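>>> Pasting a predicted model and its sequence here:
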Amino acid sequence: MPLVTIGLAGGTLVGMALILTYILGWANKAFHVEVDPKVEAVNDALPGVNCGGCGYVGCGEYAEAVVLDNVPVNKCTVGGESCITAIAELMGVEVDTPLPFLPVVHCGARYKDRLGRSEYKGEQRCVAANLIADVQGCTYGCLGFGDCTRACNYDALHVIDGLATVDYEKCVGCGACAKVCPRNIISITPFKEKQILAVACSNHDLGKEVTKVCKVGCLGCKACSRVSNLFTIENNLSTLNYDEYTNDRLDELEKARKRCPRQRLIFVGKPPKEGLKDDEDQEPPDIITPDFKTTVDDTEWRG
Amino acid sequence: MNYLAELFLIAISAALINNFVLYYFVGICPFIGVSREVDMAVGMGCAVTFVITIAAFLSWTITTFVLIPGAPLSAFIAGFFLTPENAALVDLTILSYIVYIFAIASSVQFVEMYVRKFFPALYKSFGVFLPLITTNCAILFACLTIMSHVSGVDNPADVWGLGESLTLAIFGGLGFTIAIVIMSGIREELEFCDIPDALKGAAITLIIAGILAMAFMGFTGVDSGLKKVLKPSQVKEAVIH
């Protein structure tokens, strides 16, 4: 009796193993899904960090979209040029060197510039603080709790004096920070030059209201738009037309930058890191040239 | 009618009163791991319900035909070596755990391949959850519950058929879905709360699970009340006996 039980137990397991392996083996062949070798090759060329910067869920899905739906190959900002050329080669398409799309923080106020701040002891995160009125006077500007810093996988964003500041040397432009910012003040902008001018404010209120909450916010005074037609004032906020933006018009832009009473137009991008502090008190040159190693000006350098 | 009433009682009991997660505390890993967003929680709940149903069907079949003493298949084979009385006593329920895991894992594998081939959209939305729950304890728990009822260990007078087993599985899965969706709703709100550092993450989730379980204790006794309403004759008999 015990022997029979043991035998049956062993027999059951062996029998199940045989049946199930047979079924699974058959299913593996019968239900085999053809994966396009091209998709796999593109997938291998992608960085594989699944950051979602291209607008797809992960690298695999983007690879599929590239091969099957003819989606443009230059959407991966993380992989950079080498990755894009590799994919373009695989797909047999020509591609212009893409513009780097990098984040620009549309706020320039540090703690000392912000008015109407009150003590906030709640959850120290922007998404929570944003739900509460009166954390600071400005309802548009950076809250400085660093949700973007936590979202950044590349250590390229830090909160300095309460203002999110992008380290353009490290930034790959995945766009995670722009997605997570509850106030939507980070925009992913095409950088036509190493450095571009940007409006460092997001406040849409009238100038009078802005002066109440911020020492540096954009007033919507139109000083910049009078100088250059690259600027338009929308909802009391100066906006730059990046489609038309080129360094050829740097004269114009520089003039506008100087006209701004609040000095809200700032250059962002990859400045040389060293020597910024030392040069702060010197006179700015008349024209900002693309060679920023010699550039000095009284605005805030960020990077 | 009596059979339907029985099924109804099993369903209510599995979904609410003896909720897998909040009463027995099985299936905690997906409950903690995938309850961060409501969408994900719904996907996970559906996947668990689906797998648990397949697992219940398989485990009922295997238990009834192979494992329990006197099961047709094992008794038939044992009949070659033993007298019929002894052959009916051969008990293979010791194999239950390994056989269930075996059957569940391979059936889920099979279903995954099938879904991937014929329903790619469905595969994309919940395919990732399927391998995660192949050997989930909630599923094994459902199988073992079914086994104990089929073999009549607890109550020889009340042996379950396939209908009861499937009801337990489907509504157990539904109960799991209810629990995980409630949990994810709470956790989404929790994002905005000031949680002490020590309790962040899994700790606060387990505390909330405990509080939720206490809330679900409010359902205790509903089944006996329902039993009185649905099967007055049986209760009366029981009182007389």
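Noted; the coordinates are in hand.
>>> other SSEs contacting the host helix or strand of B:A56?
Here B:A56, judged by DSSP states H and E, is contained in helix B:38-62. In terms of contacts (3 or more CB pairs under 8 Å, 6 or more residues apart in numbering or on different chains; DSSP states H and E), helix B:38-62 is packed against helix B:96-118, helix B:120-126, helix B:137-150, helix B:162-190. The C-beta positions use only the backbone N, C-alpha and C, and glycine is treated the same way.
>>> Count the neighbours of the closest residue to B:L130 other than its chain neighbours for me.
Take B:L130 and drop its neighbours on the chain: the residue closest to it by CB to CB, 6 or more residues apart in numbering or on different chains is B:E112, 4.9 Å away. Residues near B:E112, counting by other CB atoms under 10 Å in any protein chain shown, number 18.
>>> where's A:C138, which helix or strand?
According to DSSP H and E, A:C138 maps onto no helix or strand at all.
>>> how many neighbours does it have?
Neighbours of A:C138 (other CB under 10 Å): 26.
>>> show me the contacts for it.
A:C138 is in contact with A:A109, A:R114, A:L115, A:G116, A:N203, A:V210, A:V213, A:C214, A:G217, counting by CB atoms under 8 Å, 6 or more residues apart in numbering or on different chains.
>>> so the second one touches A:G141, yeah?
Same thing as A:R114. Yes: contact status for A:R114 versus A:G141: in contact at 6.9 Å, counting by CB atoms under 8 Å.
>>> Now do the residue nearest to the spatial centre of chain B against A:I23, distance only.
What sits nearest the mean C-alpha location of chain B, by CA atoms, centre = their mean, is B:A142, with 3.3 Å. According to CB to CB, to the nearest Å, B:A142 and A:I23 sit 22 Å apart.
>>> How about A:V66?
With CB to CB as the criterion, A:V66 and A:I23 are 36 Å apart.
>>> which residues does residue 27 contact?
Chain wasn't specified; assuming chain A. The contact partners of A:A27, by CB under 8 Å, 6+ apart, come to B:F110, B:M113, B:Y114.
>>> nope, chain B please
For B:G27, the contacting residues are B:F20, B:V21, B:V48, B:N136, B:C137, B:A138, B:I139, B:F141, B:F176, by CB under 8 Å, 6+ apart.
>>> Can you give me the neighbour number for the first one?
To tie it back to what came earlier, the one meant is B:F20. Neighbour tally, B:F20, other CB under 10 Å: 28.
>>> now swap in the fourth one and tell me
As a burial measure, the neighbour count of B:N136 was computed by other CB under 10 Å and equals 24.
>>> The closest residue to chain B within the stretch 201-303 of chain A: what secondary structure?
Going by CB to the nearest CB, chain B is nearest to A:S202 of the stretch 201-303 of chain A, at 22.5 Å. Following DSSP: H, G, I helix; E, B strand; the rest coil, the label given to A:S202 is coil.
>>> Touching, it and A:H106? I think so.
Yes: contact criterion CB under 8 Å: A:S202 and A:H106 qualify, at 4.4 Å.
>>> shared neighbours of those two, anything?
With CB under 8 Å, 6+ apart as the test, A:S202 and A:H106 both reach A:I185.
>>> Within reach of chain A, which of the contacts of A:A27 are there?
Contacts with chain A within the contacts of A:A27, as defined by CB under 8 Å from any CB of the partner chain: B:F110, B:M113, B:Y114.
>>> quick one: pLDDT of the first one?
To tie it back to what came earlier, the one meant is B:F110. With respect to pLDDT, B:F110 scores 85.
>>> The one 3 residues further on now?
Model confidence at B:M113, given as pLDDT, is 85.
>>> I'm done for today, thanks for sticking with me.
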